[in-house]
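Participant: have a look; sequence and predicted model below, questions after that.
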Amino acid sequence: DTSSPSSVIIIGAGMSGISAARTLHDAGIHDILILEATDRIGGRVRQIEIGGYPVEKGANWVQGVGGQKINPIWGIAQKIHLRNFFTDVTDYNNFTTMNVFKQNGGVYPRDVVKTAVEIAKRGTEFGFNISESLKDSSEDMSVLTAQRLYRHVPTDALEMVIDFYYYDFEDSEPPRVTSLKNTEPRRFEIDFGEDQYFVADRRGYASVVRYTATQFLSSKNGIITDPRLKLNKVVRAINYSKNAVTVQTEDGSVYHAKAAMVSASLGVLQSNLIEFKPDLPSWKTLAIYEFSMTVFGKIFLKFPYKFWPTGPGTQYFLYAHERRGYYPIWKHFEDEFPGSNILMIIITDDEARRIERQTDAETEAETMEALRKMFGSHIPNPTDIFVARWWSNRFFKGSFSNWPAGVEQYHFDNLQKPVGPIYFTGEHTSEKYSAYVHGAYLAGIDSAEALIKCLKKGSGETP
Ligand SMILES: Cc1cc2nc3c(=O)[nH]c(=O)nc-3n(C[C@H](O)[C@H](O)[C@H](O)COP(=O)(O)OP(=O)(O)OC[C@H]3O[C@@H](n4cnc5c(N)ncnc54)[C@H](O)[C@@H]3O)c2cc1C
């Protein structure tokens, strides 16, 4: 089936695609078409249920609150009264009241944890200072190199789990990979503030995306009915010339437009899901392949009753294993959903890929072994398990981008640059806030504004 041409086809209805579409709409470009591969909008913001409780398998925190500027996602969250909880992640002292478990049982004495945290904190500050000194130079290094310069590379199980908490928990890749200059200190914290809020709302974090969508797409009772949004449309090919695009979907439909806005994740761009005809130029391909698409994994376990500590300072507990990143970070849901008896585990990178590949029964057995080391052999098995699989999903191929050491600013700029009439958006194109929901939102606006300039000039060409 072939439909009448639009001005712009937007590929993907996640935060960035919806924000780009709204920006186009607000600029008077109403003949747009949004093609989304899945049966919903929201993309990597997605709620699921475990044992009757709603949890977020993708984005969970609104990160960057309490600073000089208002994080746009926080603005929307306030407007729609999204239920959320303050997370004390930047308070280093939290560790002293937090439970850090030893590999084979028992907790570390608090003063031992406190000392390890203080060393880690000084290492981070040392890194900040080097990072500042590199800002105007072409030099960069990994976070690990900065730790070596500081003459303290975390090596024992306790140091490693604290290191994981400060770096991998945020970047989803180890310090060995992450660019110091482009990651530390974190830009969103400087601009929007250091506070973070954990979303736990039955409507889901994705209601932020739906709210943005209903500002320009027609809807009935909260359900979007606008014909300009087409769900279950998997884009497989984009043919382009100087100022026209033809988009083909898996079901054999063909759509024509003056320009396309691709919001699919960096992981999708690194895969061969979408074929570009002609091939993208090598400067573009290189930028896509050089950047990292990380895997931030989440496991949810539901138990018949709770056997972990609750109360102030217990939001998290850490498991310090000699194998770095082995089921390191655990969070309970007593504050969000009292009596839910749910635990969430965070894993990243190779461990997250390994866990996606194995069966849930295998993962359950591993997590129970760890829990029995921590809490004793008497604890019950879970009644439910949910393992998020973002990496195996062909529409995502990972969780969010990370800037690896050695990748230059111009490579990053090339990620965002249009190729003829094909524009790019998505969290990975956000100038300052890549990886985050607010990055996706702001990138959508930036990419759309660049496209609007071109359309108004009467051509869809690269500026
Ligand atoms: C596990 C996890 C935890 C996270 N935690 C946080 C957090 O706490 N805080 C935070 O700020 N951020 C977090 N993030 C990151 C945040 O979710 C993303 O940065 C943001 O949602 C990305 O939005 P996007 O529009 O760039 O991409 P996406 O949400 O991926 O949207 C792209 C859309 O394109 C669609 N698509 C892909 N391929 C095609 C195709 N071929 N044809 C048609 N459609 C296609 C996809 O289905 C998707 O809907 C997390 C992400 C994950 C996965």
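Facilitator: Cool, the structure landed.

Participant: specify the beta-bridge partners of whichever residue of the stretch 101-250 of the chain sits closest to the ligand.
Facilitator: Proximity to the ligand, evaluated over the stretch 101-250 of the chain using C-beta to the nearest ligand atom, is greatest for Val235 at 3.5 Å. All C-beta spots, glycine's among them, are computed from the backbone N, C-alpha and C. Using DSSP bridges, the bridge partners assigned to Val235 are Thr249.

Participant: tell me which stretches of the stretch 51-200 of the chain form strands.
Facilitator: 53-56, 61-65, 84-87, 99-102, 195-199 (DSSP state E, counting those that start in this stretch).

Participant: if we look at the last one, which residues are touching it?
Facilitator: Okay, so that is strand 195-199. Applying C-beta atoms under 8 Å, 6 or more residues apart in numbering, the external contacts of strand 195-199 come out as 56, 59-66, 74, 77, 82-87, 89-90, 205, 336.

Participant: any idea how far the nearest residue to Arg44 once chain neighbours are set aside is from the ligand?
Facilitator: Distance criterion C-beta to C-beta, 6 or more residues apart in numbering; nearest residue to Arg44, sequence neighbours excluded, is Gly58 at 4.3 Å. From Gly58 across to the ligand, the span is 4 Å (C-beta to the nearest ligand atom, to the nearest Å).

Participant: gap between Gly58 and Met15?
Facilitator: Applying C-beta to C-beta, to the nearest Å, the value for Gly58 to Met15 is 10 Å.

Participant: quick check: neighbours shared by the two?
Facilitator: Common contacts of Gly58 and Met15 (C-beta under 8 Å, 6+ apart): 43-45.

Participant: could I get those in CSV, plus columns for distance to the ligand?
Facilitator: What follows is the shared contacts of Gly58 and Met15, written out as CSV (distance: C-beta to the nearest ligand atom, whole Å):
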residue, distance to the ligand
Gly43, 2
Arg44, 4
Val45, 5
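
Participant: where does this protein dip in pLDDT?
Facilitator: Within the chain, the ranges that satisfy pLDDT under 70 run 1-3, 89-97, 458-463.

Participant: hmm, try it at 90
Facilitator: By pLDDT under 90, the low-scoring segments of the chain are 1-5, 87-99, 110, 135-138, 221-222, 310-315, 431, 456-463.

Participant: ok so, going back, tally of neighbours for the residue of the stretch 101-250 of the chain closest to the ligand?
Facilitator: 24 (other C-beta atoms under 10 Å).

Participant: for the one 4 residues further on, same thing?
Facilitator: One way to gauge burial is a neighbour count; for Asn239, by other C-beta under 10 Å, it gives 16.

Participant: doesn't it fall inside a helix?
Facilitator: No. Per DSSP: H, G, I helix; E, B strand; the rest coil, Asn239 lies outside any helix segment and is strand.

Participant: ok, what's across the strand from it?
Facilitator: As for beta bridges, Asn239 partners with Thr246, Lys277 under DSSP bridges.

Participant: which residues does it contact?
Facilitator: Asn239 is in contact with 245-248, 277, counting by C-beta under 8 Å, 6+ apart.

Participant: likewise for Val247?
Facilitator: 9, 11, 35, 235, 237-239, 254-257, 260.
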